[in-house]
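Undergrad: Build the 3D model from these lines:
(one chain, ligands or ions: 4)
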Amino acid sequence: MLYDLHTHSHCSDGKLSPEELVALAKENKVDVLALTDHDTIEGIPAAQVAAGDELTIIPGIEVSSLWGGRNIHIVGLNIDIDSPELQQAVLAQSDIRLARAKKIAERLEKAGIANAWEGAQTYAKGSAIGRPHFAQHMVDEGYVDNFAQAFKRYLGTGKVGDVKSLWPSVTTVVQWINAAGGIATLAHPDKYGLTRTKLYSLLEEFTAAGGKAIEVVSGQQTLAVTQKLHRAAIDFSLLASCGSDFHSPDNRWQSPGIMSPLPKKCQAIWDFW
Ligand code: AMP
Ligand code: MN
Ligand code: MN
Ligand code: MN
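TA: Ligands and ions are numbered 1, 2, ... in the order given. Here you go, the predicted model:
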């Protein structure tokens, strides 16, 4: 069975519609796919319809939170999308995203990027607006050569367009996911630039709040990273998840179902389902 438990559609910062994502996942022979858009569950019903009998959709979400001044992502898997607590949370996150985007736009305009607000809106098209939509504007208007440069110069950690003080705590987000009957999963733990000590103190708080799983594999990572995260899963008795974090077919490193294998000895999250 091929599992991909972390993917995006154009309901947040992905390129494909939920239907196109599902079609590509089927092409890649994925058996179980979680759609985990940033702070929205809007695409789930369409993905479920498109999946039919060929593919199982796990309803998911990737929620933005703040811990130790860092933007930490918590994936909720197998959530009940009709849960009132979750729907409330999604509304709150949507307000934060909008307020944040306005601040990002103001700051970018001050830094010399013209029409940042209008530009980002054009790309977001009413979906969960985020930094990649600003990055797209900057690329298309020639301010930067590519996304990586946009993040390095303007949007990444500590840069002018990095507005994160608005997000809820890790504990709050884990509680939302649990209230919706989901499994709270720490997303791509190697992407935060944390030392082992910091990662372990994040995991202390995450597990104390009721977090149950960790992405031992995120995309095509090195074996050393996989081993480090497998160790962390054991140390905190966490279930192991894996996902491509697919956003766009333009990125040739990402595709649904394409990732390093989960170590055989892992306690996989699907054994729990
Ligand atoms: P936001 O949801 O607005 O906080 O934006 C975060 C998203 O930006 C992530 O989910 C990625 O899709 C994207 N992203 C973050 N860092 C980079 C980077 N260095 N290069 C390209 N995209 C990035
Ligand atoms: Mn993203
Ligand atoms: Mn993420
Ligand atoms: Mn993601």
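
Undergrad: do stretch 126-140 and ligand 4 meet at all?
TA: No - judged by C-beta under 5 Å from the ion, stretch 126-140 makes no contact with ligand 4; its nearest approach is 10.4 Å. Every residue, glycine included, has its C-beta placed from N, CA and C.

Undergrad: if I've got this straight, H137 is in a strand?
TA: No - counting by DSSP: H, G, I helix; E, B strand; the rest coil, H137 is not part of a strand but helix.

Undergrad: Now W176: which helix or strand?
TA: Per DSSP states H and E: W176 is located in helix 170-179.

Undergrad: How about residues contacting the helix or strand that comes right after that helix?
TA: Downstream of helix 170-179, the first helix or strand assigned by DSSP H and E is strand 183-186. By C-beta atoms under 8 Å, 6 or more residues apart in numbering, the residues outside strand 183-186 that reach it are 5, 72, 74-78, 173-174, 177-178, 202-203, 206, 209-215, 238-239, 241, 269, 272.

Undergrad: Relative to ligand 4, how far out is E85?
TA: 22 Å (C-beta to the ion, to the nearest Å).

Undergrad: With T222 instead?
TA: Distance from T222 to ligand 4, by C-beta to the ion: 19 Å.

Undergrad: So which of the contacts of strand 183-186 belong to strands?
TA: L5, I72, I74, V75, G76, L77, A213, I214, E215, L239, S241 (DSSP state E).

Undergrad: Show me how to select, in PyMOL, the buried members of the contacts of strand 183-186.
TA: Buried members of the contacts of strand 183-186, defined by 16 or more other C-beta atoms under 10 Å, are picked up in PyMOL with:
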select buried, resi 5+72+74+75+76+77+78+173+174+177+178+202+203+206+209+211+212+213+214+215+238+239+241+269
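
Undergrad: In this protein, what residue lies closest to ligand 1?
TA: Residue nearest to ligand 1 within the chain (C-beta to the nearest ligand atom): G130, separated by 2.8 Å.

Undergrad: isn't that residue right up against L98?
TA: No - judged on C-beta atoms under 8 Å, G130 makes no contact with L98 at a distance of 10.9 Å.

Undergrad: The two: who's more crowded?
TA: Taking other C-beta atoms under 10 Å, G130 and L98 do not tie; G130 has more neighbours (21 against 12).
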